[in-house]
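Peer 1: no sequence on this one, just coordinates:
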């Protein structure tokens, strides 16, 4: 399994932007499909965004579509989540996750991911 480490979280006002990064080590990022999930206090971990190993296809949770953009730099072994027009309801711990590529399981199924980072806190104030 690869090791993942998120960074870039913080406190931002509503309407602001943040860019999260996920560094991949112990393996090659291009071997894995990757995703972002988030977990707010008292809630289950939920899907946010997904990118195929090649970066050629993406998928977003409805509430972030048009505001968040997932991207990958496989040469740099890094994945990103650009978050714009942030809302208080985006407040959560954000996790990056990786799974074997070409896995024929719903990309939103968190149980299909084999590697997780420790998470980074994003807080959006109103």
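Peer 2: Received it, and whenever you're ready, just let me know what you need. This is a predicted model, so every value here is computed, not measured.
Peer 1: and stretch 87-107, what's buried?
Peer 2: Residues 90-99, 107 are the ones in stretch 87-107 that count as buried (16 or more other CB atoms under 10 Å). No exception for glycine: its C-beta is placed from N, CA and C like everyone else's.
Peer 1: sorry, slip of the keys, the one I care about is stretch 39-46.
Peer 2: Under 16+ other CB under 10 Å, the buried positions of stretch 39-46 are residue 45.
Peer 1: what's the closest of the buried residues of stretch 87-107 to residue 26?
Peer 2: Distance to residue 26 across the buried residues of stretch 87-107 (CB to CB) is lowest for residue 98, with 10.6 Å.
Peer 1: which of the helices or strands spans the closest one?
Peer 2: For residue 98, the host element (DSSP states H and E) is strand 92-100.
Peer 1: show me what that strand is packed up against.
Peer 2: The contact analysis (3 or more CB pairs under 8 Å, 6 or more residues apart in numbering; DSSP states H and E) places strand 92-100 against strand 3-7, strand 18-25, strand 32-39, strand 115-116, strand 120-125.
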